[in-house]
Structure formats: C-alpha cells, structure tokens
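Novice: Here is a sequence together with a model predicted from it:
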Amino acid sequence: MKIDVIILAAGKGTRMGSNTPKVLSELASKPLLQHVIDTCSQLSNSKLHIVVGVGKNQVKQSVLTPKGTNWISQNKQLGTGHAVKQALKSLRPGAMTLIMYGDVPLVNIKTLKKLVSIGKNNLSLLTFNLDKPKGYGRILRRGNKVAAIVEEKEASTTEKEITEVNSGIISTSAKILKELIPQIKNKNSKKEYYLTDVIQLATENKISIKTVNLDSTNEVLGANDKQELQKLERAYHINIAEEFMKKGASFADTHRVEFRGKVTLGKNSFLDINVIVEGESKIGKNCFIGAGAVIRNSTIGDGVRVEPYSVIENSSIGEDCKIGPFAHVGPETWLDKEVEIGNYVEVKRSKLGSRTKAKHLAYIGDGEVGSSVNIGAGTIFVNYDGKKKNKTKVGSGAFIGSNSALIAPLQIGKNSMIGAGSVVTENVPENKLALGRSRQRNLKIR
Ligand code: UD1
Ligand code: CA
C-alpha cells in the first residue's frame, strides 16, 4: 500500500521565540522536523510531502530527506487545514495519507503503522490523555464516538475540562481527504482553517472515525514553546534509557544522561550521572562510564572503564581499557585491548597496542605505539614542528621515562628505554637505553 505522508512545517512558531522556524528547534541535537522525517521514512512504500512556508529555504537546507521527497509551499500561514490543502494535488490516486505535525517529534513507528492500517475507508485519529490539556485540541465524544475536535481558543469552560486531546496525527485515504479538506471554513476566533474541523466534516459525510488512544503521553507531546521543548528533550533521553534498561543496562539517574545521536549500549553496562553520548556511538557490554564523561562518534569495547570527566571522540577503544579520570582520547585514536590512559592524558590521531599504559599527564600525538609500552608521566610526543605534524613510532615493550620529549619524526625500537627527562631527537634502536639529558653536577655553594 502506497502511503503519502504530509508533514506540516510551514509555521513560524511565535510561541517558541527563536530566530529559526520552530520545526528547526533542536531535540537531542537534531531538528524536530528531522525526527519526524526519520520516523516517517521507516514506513515502507511511503513518499513524503513536506509543507513549508516561513523560512522555507532554511528549513529545506537544514534537514536530510529521503529520495523523492516533495516540498510544497504554503505562502501564507492560514492554518493547518490550509496547509494540508496545498498538498492535495500531489497525493497519488489510491494512496493512503498520513498527516504529521513537524513539531510532534517522538511518535513511534509502530503507532503510525497501526493508525494507517485502521484509517483505510475510515478516518483514524491519534489521541491521548493529559492531566493538564492546555493548548491542545479537545476530543468531543458523543456516546463512544468522536464527534468533533474543539480547539483551546474555541472551547467552552466545560469543554476545556476534557482531558482526551488531539495529537494532530490523522490517517485516511487520499480520496476522503480530497473530499473533506476543501470543505473546511475559517469561521473561528483565529480566522484560520483548522485541520481539526475535518473530524466533524467526516461525521457529517458518514465517514467513520477510528481512534488510537495512547496511554504513554511522551510519544505525542508537541513543542510550541521552550518549556514544552525542554519536557520533550527530557522525555526523549528517558525513553532511550528505559529501552536500554530493558536490555540490561543501568543508570545512576535516567534524568541525568543524554543520548544525542544513534547510540547502542550493551547489557550490564552502567552510566553514571551527566554522561553524554553523541553521534554514532557504540558502547559494549559490562562497561562503566563515569560521571560527566562525553563519548562522541566512538566505539567502546566490552568491559571498558571510563572514569569521570573524560572525553572520547571519533575513536575506538578496545576491550577492558581504562580511561581517565580527566582524559581526552581522540580524534582518530585506536586503542587495542587493556590499554590504560590515565589522569590528564591526551591521545590524538594515535594507535596504541594492547596493555600499553600512559597513566599520568602525557600528550601522545600522531603516535604509533606497540604493545606493553610504558609511557611515563609528563611525556610529550612533540609532533608539530611549526609547519607540519610528524609521526613517532614506539616499539613494543619500550619504556619511556617520565618527562621525556620525543621529537618527531622519530622511531624508538622494541624494548628500549628512554631515561627520564630526555629530549630525544634521534632514533633509538631496539634494546638500548637512550639518555638525552645533561649530566647532573653538584656545585659547591657554601
Ligand atoms: C495543533 C492542533 C491541536 C493539537 C495540537 C497537537 C490544529 C488547528 N490544532 O495545535 O488540535 O492538539 O496541534 O500538537 O491543527 N502549520 C503549517 N501551516 C499553518 C499552521 C501551522 O504548516 O498555517 C504547521 C506548524 O508549523 C506546526 C503544525 O502545523 O508544525 C502545527 O501547528 P501549531 O500552530 O503548532 O498547532 P497547535 O496550536 O499546536
Ligand atoms: Ca504545535
């Protein structure tokens, strides 16, 4: 079955008070509209029709859409019904239609599928209940049947007490939509064409209305202002954390963790408070991620411990590594298993072999380090000569004494040692001790 998805994204969003159109407001670092697009793209055989108006070029440029997306202009924002009207001529004969609001970002794909399946030959409507329904259209029922939706502005005091509200999401056939939408009038306090009037029109036209009512409210919350956006932001991260918990991960506090991207988390892993996981990141099983850690576009192997306030970006961390506290790994760093990167250590564009350790105060830049290397406190890979970045290669089993400066380009052979405080400018062969420092003199002073 072909599905035409109409996404309404033409409004300015005055209540949001931002410089950008409301649908570009970010939720988990991604525009609201992008969330809607990503969810709807998962419907098989679907085509997206996105209605844009205020800041339309900016909106178009700020989101990624599936191939074949149809952009439709609504030049004057005369209401949600008017916005849908602009899309009518693009609907394919025989297709089902699904209407989405660009500011309702957390809808579950399963819910949409259900709504579409019952919308055939009917009109299906997604409703939910809110203790404080302010701002939402109220669902008026006669007996069990939905009779109409009344907008907050038009509602009487008793109607305002109704807690069943309109999510804005509707499904029906292209044929029914084409029949009903042109009948919508703007006789209301805002002089707008309300899409919600389609419900009453359907009942008058003997089209039956089916509803899907959701218990969980997070899924269809809209974002009209900054407070609602904040609520959604929290709901988003909590939803993800709860999904991970079902699979065996745990959290110090689901209110203090953020997932800003496409993230996976293995079972029995634990995330302490204020952890941020961003971009495309994978955290394996049995990991411990300490307070305030930031993990961005990275892969963390099983059994890794990331101590508090460490930042890992665009990197791959092997099994059973220990990172931090206060470590910065990345970008472009690859750690084999059981590597230890300790306090105030920065590793950048480097490869470190298994069991290599740099436990305190070091900078490893453009390094290619073998396994079981010990990098002493204060070691600097001097990779920059003022013009370009140079490589340092360190063979397995080497021992770099504390406070050494390794002036790249440089090669240090397997199992050799660098005396503490050395400035190493020449390659060191295997199994040698290099001392690149002046001999101590004790001079008489009194
Ligand atoms: C709308 C519904 C309300 C529902 C609520 C759910 C109407 C009349 N009301 O109210 O019943 O409970 O959503 O969140 O539909 N838009 C256009 N063109 C326009 C006007 C709006 O494209 O001319 C777009 C907006 O960009 C937005 C969406 O439609 O993405 C919804 O508009 P909004 O003004 O936020 O409607 P609500 O007042 O929230
Ligand atoms: Ca809204």
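Specialist: Yep, it's here. Ligands and ions are numbered 1, 2, ... in the order given.

Novice: Please tell me how far stretch 312-324 is from the chain's geometric centre.
Specialist: Distance, stretch centre to chain centre, for stretch 312-324: 21 Å (C-alpha atoms, centre = their mean, to the nearest Å).

Novice: how long is that stretch end to end?
Specialist: 10 Å (C-alpha to C-alpha, to the nearest Å).

Novice: ok, and what's touching it?
Specialist: Stretch 312-324 has contacts (C-beta atoms under 8 Å, 6 or more residues apart in numbering) with 284, 290, 293-310, 329-343, 354. Bear in mind the C-beta positions are built from the backbone N, C-alpha and C, glycine included.

Novice: And the buried ones among these, selectable in ChimeraX?
Specialist: The command below creates a ChimeraX selection of those among those that count as buried (16 or more other C-beta atoms under 10 Å):
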select :284,290,293,294,295,296,297,298,299,300,301,302,303,304,305,306,307,308,309,310,329,330,333,334,335,336,337,338,339,340,341,342,343,354
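
Novice: Could you pull out the buried residues of the longest helix belonging to the chain?
Specialist: Longest helix in the chain by number of residues, with DSSP state H as the criterion: helix 226-246. For helix 226-246, the neighbour count (16+ other C-beta under 10 Å) marks 228-229, 232-233, 235-241, 244 as buried.

Novice: and if you look at stretch 88-101?
Specialist: Within stretch 88-101, the residues that qualify as buried are 88, 91, 95-101, counting by 16+ other C-beta under 10 Å.

Novice: From these, list the ones also adjacent to ligand 1.
Specialist: Tyr101 (C-beta under 6 Å from any ligand atom).

Novice: from the buried residues of stretch 88-101, which is closest to ligand 1?
Specialist: Nearest to ligand 1 out of the buried residues of stretch 88-101 is Tyr101 (C-beta to the nearest ligand atom; 4.0 Å).

Novice: Run through the bridge partners of that closest one.
Specialist: Taking DSSP bridges, one obtains Leu8 as the residues bridged to Tyr101.

Novice: again with Ser173
Specialist: Note on Ser173: beta-bridge partners by DSSP bridges are Met96.

Novice: if I read this right, Asp124 contacts Leu115, doesn't it?
Specialist: Not quite, residue 124 is Ser, not Asp. Yes - judged on C-beta atoms under 8 Å, Ser124 makes contact with Leu115 at a distance of 5.0 Å.

Novice: Okay, Gly119 and ligand 1: tell me how far apart.
Specialist: In this view, Gly119 and ligand 1 are 17 Å apart by C-beta to the nearest ligand atom, to the nearest Å.

Novice: where does that residue fall, phi/psi-wise?
Specialist: phi -80, psi -10 (degrees, to the nearest 10).

Novice: again, but for the one 10 residues further on
Specialist: Note on Asn129: backbone dihedrals following degrees, to the nearest 10 are phi -110, psi 140.

Novice: burial of it, as a residue count?
Specialist: Other residues within reach of Asn129, judged by other C-beta atoms under 10 Å, total 14.

Novice: Would you mind listing the residues in contact with it?
Specialist: Neighbouring residues of Asn129 by C-beta under 8 Å, 6+ apart: 163-165, 213, 215, 217.

Novice: can you tell me which two in the residues you listed are farthest apart?
Specialist: Spatially, the most separated pair among the contacts of Asn129 is Val165 and Asp215, at 13.3 Å (C-beta to C-beta).

Novice: Next, show the common contact partners of the two.
Specialist: Taking C-beta under 8 Å, 6+ apart as the criterion, Val165 and Asp215 both touch 128-129.

Novice: hey, what's the closest residue to ligand 1 within the stretch 251-400 of the chain bridged with?
Specialist: Among the residues of the stretch 251-400 of the chain, Arg260 lies closest to ligand 1, at 22.1 Å counting by C-beta to the nearest ligand atom. The bridge-partner assignment for Arg260, based on DSSP bridges, gives Glu278.
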